[in-house]
Structure formats: structure tokens, C-alpha cells
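Chemist: Attaching a predicted model along with its sequence, questions to come.
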Amino acid sequence: MNGPILLPYRGIMPRVAASAFVAPGVALIGDVEIGEDASIWFNCALRGDVAAIRVGARSNIQDGTIVHTSTGGPTIIGAGVTVGHQCLIHACTLDDDCLVGMGAIVMDHAHVETAGWVGAGAMVTENKRVKAGELWLGRPAKFARAVSDEERARIAGLAARYVGRAKEYRAELGYDPERTLA
Ligand SMILES: CC(C)(COP(=O)(O)OP(=O)(O)OC[C@H]1O[C@@H](n2cnc3c(N)ncnc32)[C@H](O)[C@@H]1OP(=O)(O)O)[C@@H](O)C(=O)NCCC(=O)NCCS
């Protein structure tokens, strides 16, 4: 089985916590850190070359998502964050417990605060701030409404489910960080 690809850039290697899961087909490049129990799913690319990328504990980045940075613009993803399939996360900040729906784009210096929600297919343009507990939709994305308590619990459940799913995949694939990430 082919594992993920980890490549150095300017002498800096990606660093992956021992309990994290990085799926086959993922490319991690340069100054990238993946936190405990986080999971990076098939065919994602996280390219930390011109600035750093951080993915916090228990966060999941789903299949086909691209994470990049710009000069002076790191990408900081907090803890318990879910990023859906095929997103583009570029030189921005996603605070703890937020959800970026599938196919969404978050552009340079945008900031999604704690438990903020970017809807499926939305495009959060440069420097915009999705405030804590807000749902934004559309291209360009605009404030749609507040996230309900029930939705907030569902978003937290989603991140927790991905922690469990990553453990299942690690067992199923015989994932051994020492060997798989070598
Ligand atoms: C936004 C979302 C939460 C639905 O919210 P909702 O309040 O239940 O919305 P509804 O389905 O009742 O639709 C309300 C209106 O918003 C529109 N709408 C729904 N989702 C939309 C979206 N992602 N972008 C733009 N408009 C959207 C609907 O078409 C509807 O418009 P209308 O009133 O003109 O008919 C959902 O569509 C979404 O984006 N979920 C993200 C799921 C996801 O990506 N999860 C990733 C985990 S794998």
C-alpha cells in the first residue's frame, strides 16, 4: 500500500502527532504540523512552503482538500475543526470547532471564529471574518443566520466521529506512524 508523501522544503519536514491519521495519497510539504487525533483524508495536499500550516488536535481535513499559505500568511486550523471534501483553504485562520462545508473556499486572511460555519460551496473572500456561531453561504459568502445550539452539537459530533473513524482506518490499514510516515 502506498502511504502519504512527506517532503521537506527549505530543510523543514512536516511533523505529524503519533495518534494522527494521514491517509494514502496525501502530500504534506514543508512547515506543516498535524495535531493529536487529527486526520487528513485521501488526496489532500497541505503545502507549507512560503508560510506554516498548523492543524489542531481532533480536526479532520477531508478528501481532496488543498491547504496552502501565502507570504506572511500562514494557515492556522484550530482543534475540533471539520473541513469537508474538496475545499480550498488558503492563508487563513479557522478557529476551534468550526465547520467548512464541502467544496468551500476560504481565501487569504479570512478568519472563521469558534464554531463558525461556512456552508457547502461557499467562498469566503479575503479578510472577511465569520464571527463565532455564524453561518455564511454563497459566492461571495455572506452572513446567512446564526448557528443553532442543535447544529453546534451536530458539528461537534461530526469532528468526534472523524476521530473514531480515523482510529478504525489506522487499524484496518495497519497504520504505523514510524513506518508509514518514514
Ligand atoms: C447551509 C446548510 C447548513 C443548510 O442550511 P438550512 O438552513 O437547513 O437551509 P435550507 O436547506 O433550509 O435552505 C434554505 C435556503 O438556503 C439555500 N441553501 C442551502 N444550502 C445552501 C448553500 N450551501 N449555499 C447556498 N444556499 C444554500 C437553499 O437553497 C434555500 O434557499 P431558498 O430559500 O431560496 O429555497 C447546508 O446546505 C450546508 O451547506 N451544509 C454543509 C454540509 C457539509 O458540507 N458538511 C461537511 C461534512 S462532510
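Modeler: Yep, it's here.

Chemist: any weak-confidence spans in this protein?
Modeler: For the chain, the stretches with pLDDT under 70 are 1.

Chemist: Need the residue closest to the centroid of it.
Modeler: Centroid-nearest residue in the chain, with C-alpha atoms, centre = their mean: residue 61, separated by 3.9 Å.

Chemist: beta partners of that one?
Modeler: residue 40, residue 83 (DSSP bridges).

Chemist: show me what contacts the residue of the chain found nearest the ligand?
Modeler: As assessed by C-beta to the nearest ligand atom, the ligand sits closest to residue 101 within the chain, at 2.9 Å. Bear in mind the C-beta positions are built from the backbone N, C-alpha and C, glycine included. Going by C-beta atoms under 8 Å, 6 or more residues apart in numbering, residue 101 touches 84, 87, 117, 118, 119, 120, 121, 122.

Chemist: Just give the closest residue to residue 91, not the sequence neighbours.
Modeler: With C-beta to C-beta, 6 or more residues apart in numbering as the criterion, residue 91 has its nearest non-adjacent residue at 3.3 Å, and that residue is residue 73.

Chemist: and the longest helix for the chain?
Modeler: helix 149-172 (DSSP state H).

Chemist: interface residues of the protein facing the ligand?
Modeler: By C-beta under 6 Å from any ligand atom, the residues of the chain that approach the ligand are 82, 84, 101, 102, 119, 120, 121, 137, 138.

Chemist: Filter the residues you listed down to the buried ones.
Modeler: Neighbour-count burial within the residues of the chain next to the ligand applies to 82, 84, 101, 102, 119, 121, 137; the criterion is 16 or more other C-beta atoms under 10 Å.

Chemist: Which ones among these lie within strands?
Modeler: With strands taken from DSSP state E, the overlap with these comprises 82, 137.

Chemist: Looking at the buried ones among the residues of the chain next to the ligand, which one is closest to residue 182?
Modeler: Among those, residue 82 lies closest to residue 182 (C-beta to C-beta), at 28.6 Å.

Chemist: thinking that closest one is in contact with residue 99, fair?
Modeler: Yes - between residue 82 and residue 99 there is a contact under C-beta atoms under 8 Å: 4.8 Å.

Chemist: Now do the shared contacts for the two.
Modeler: Common neighbours of residue 82 and residue 99 (C-beta under 8 Å, 6+ apart) are 155, 158.

Chemist: And the contacts of the top strand by length along the chain?
Modeler: Counting by DSSP E, the longest strand found in the chain is strand 45-55. Residues outside strand 45-55 that contact it (C-beta under 8 Å, 6+ apart): 9-10, 12, 14, 26-35, 38, 40, 61, 66-77, 81, 91.
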